[in-house]
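Q: the following comprises the amino acid sequence and a computationally predicted model.
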Amino acid sequence: MFSACGDETKEEIEPAVPEVAQDSLTTIEAEFIFLADAAVLKGRSFIYGVEMDSVSRELIKKVEPLKRDEFDMVPVVVRAKVIENPRQEGWDEIAQIREILEIPERQTDSVEAPVINNN
């Protein structure tokens, strides 16, 4: 029987901390336009094609009443995953919209006529 009394080293065991996976979603503030079978998010320094799925179709339904004409771009804020376009047609990158964060209320285009004072 062997016994070692003084050589024991205590090792503190730290509780396991779960690693938080960084998601690859980006908040995108852009102008949104859609036509018959395509949609685009256009920002100050980017243009993304939009993958057509249930979330993008929901966004289309929400912005439709805000469009002034069929080519009108509507401001939106969304969370999306931006990926390289797997197809060789269209935009270099596409946005897979995961969440609709905001559709800001539009400013009205009513411009008041200037008042001319003939004094």
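A: Cool, the structure landed.
Q: tell me where the model's unsure across the protein.
A: 1-23, 106-119 (pLDDT under 70).
Q: quick one: the helices in it?
A: With DSSP state H as the criterion, the chain has helices at 54-63.
Q: ranges for the strands of it?
A: Secondary structure of the chain (DSSP state E): strands at 25-34, 39-42, 47-50, 74-84, 93-102.
Q: tell me what I94 is bridged to.
A: For I94, the beta-bridge partners are G49, I83 (DSSP bridges).
Q: hang on, it packs against S56?
A: No - with contact defined as CB atoms under 8 Å, I94 does not reach S56; the gap is 10.3 Å. C-beta here means a position set from N, CA and C on the backbone, and glycine is covered the same way.
Q: please identify every residue contacting each of these two.
A: V50 (CB atoms under 8 Å, 6 or more residues apart in numbering).
Q: more neighbours, the two?
A: I94 (23 against 20; other CB atoms under 10 Å).
Q: how close does that one sit to I60?
A: 16 Å (CB to CB, to the nearest Å).
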